[in-house]
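Chemist: Generate coordinates for the sequence data below:
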Amino acid sequence: MTSSTASGYVPALDGVRAVAALLVVFFHLRLGFSNGDIGVDVFFVLSGFLITGILLRAADRGRVSFKTFYWRRALRLLPVYFVVVAVSVTVAFIGDLGGGTLRGAVSSLFYVSNWVAGGGYGLGLLAHTWSLSIEEQFYLIWPLTLVLLLLWVRGDRSKSVLAVAGLIALCYASIVVCWAAGAAEGFTWNLTPARGMQLLFGCLLALLLSRPGEIRLPPRARRLPDAVGLASIAGLLVIANFWNSGGWLEMLVQWPLVAVLTVLVLFACVAPGPSLVQGLLSLPAIVAIGKVSYGLYLWHFPVMYALDDTLGMDNWGAKVLAVVLTAAIVPLSYRYLELPFLRMKNRKFATT
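Modeler: Next up is the predicted model:
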């Protein structure tokens, strides 16, 4: 996805993507960040924000092309994904690395990895594809839903905001119902509506800021987005390091809290600036990581799973080797597997 808004490219949004990816990587490296998997939650909110922004800009131009939208998604996501799946299945077979990788490959190809994982089945080197399945389900459902919603409210964005807020409430209610019914935590943790809550928080922000170039703040409030953004980043880092409750408390309290904090960070990124938040998240090194974060997410887990299965990730030798291998693979993957298709996407399908 392109980190952009109606006002153009926003480097700080790539910075948010980098922070989300790094939290997950540190979590799997076991380098502190014992709750670093909230990086996936952050990315869900960011994804909802960016995709909704793309669709709203297309709607403002008078037409949403679903064909263009899905071609752009396919060219962005699938080429490197297919290679990661093929390599993971091959490595798992040759190295006899546990079980479930072939199951992960098949289930992720049909965008149901989260449901398979929720049923208690392992996915091997492709266990991380549960989040990709939720993303793909979102891509299949949300564009048409948003277009129908805009038609229903006759373009009234304020009514759209209320409608999406209602959807967020329904998604949260699905978690409450599962908890009250005594559903398995693993099932609920992977439930599409439950995770949809995080995506919809991003969608809600995009609707609220559907014309970011027109954001106007009174002089006294000019520093408010920066203060709120910095406090929210600090809050996310505290949660990633120290929140270890897990279970229902994680789903009922942490998930919405992380979503709200991420929304505030995203607001600080697109609010009139410049600001300290934008400056920090726009540092060249951070932006560079953000640009390759999709490949980083895809590749890091099979590498670390394989090393954990053979060497054990609790020793520093394995950790260093994991970092070296990941750092070597990801840039090559971006240059040869992602960048050519990104250029094709932007050349042939410039707008949605």
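Chemist: which residues does the residue most central in space within the chain contact?
Modeler: Nearest to the mean C-alpha position of the chain, by C-alpha atoms, centre = their mean, lies Phe43 at 2.5 Å. Contact partners of Phe43, counting by C-beta atoms under 8 Å, 6 or more residues apart in numbering, are 17, 20-21, 131. (C-beta placed from N, C-alpha, C; glycine too.)
Chemist: could you redo the last one with a cut-off of 6 Å?
Modeler: For Phe43, the contact set (C-beta atoms under 6 Å, 6 or more residues apart in numbering) comprises Ala20.
Chemist: so how far is the strand or helix carrying it from its chain's centroid?
Modeler: Element membership for Phe43, per DSSP states H and E: helix 38-60. How far helix 38-60 lies from its chain's middle: 9 Å, per C-alpha atoms, centre = their mean, to the nearest Å.
Chemist: got it, and stretch 158-170?
Modeler: 21 Å.
Chemist: Pull out the buried residues from it.
Modeler: For stretch 158-170, the buried set under the neighbour-count rule, 16 or more other C-beta atoms under 10 Å, comprises 160-161, 163-164, 167-168.
Chemist: cool, stretch 47-64 as well?
Modeler: Of the residues in stretch 47-64, those buried by neighbour count under the rule 16+ other C-beta under 10 Å are 47-59, 64.
Chemist: which intervals of the chain have sub-threshold pLDDT?
Modeler: Within the chain, the segments meeting pLDDT under 70 span 1-8, 211-222, 352.
Chemist: could you pull out the strands for it?
Modeler: 4-5, 8-9 (DSSP state E).
Chemist: Ignoring the adjacent residues along the chain, who's closest to Glu185?
Modeler: Spatial nearest neighbour of Glu185, excluding adjacent residues (C-beta to C-beta, 6 or more residues apart in numbering): Gly247 at 5.6 Å.
Chemist: any idea how far that neighbour is from Ala206?
Modeler: Taking C-beta to C-beta, to the nearest Å as the criterion, Gly247 is separated from Ala206 by 31 Å.
Chemist: Between those two, tell me which one has more neighbours.
Modeler: Counting neighbours by other C-beta atoms under 10 Å for Gly247 and for Ala206 shows that Ala206 has the greater number, 26 against 11.
Chemist: Help me confirm that the more buried one comes into contact with Leu50.
Modeler: No: using C-beta atoms under 6 Å, Ala206 is not in contact with Leu50, being 7.7 Å away.
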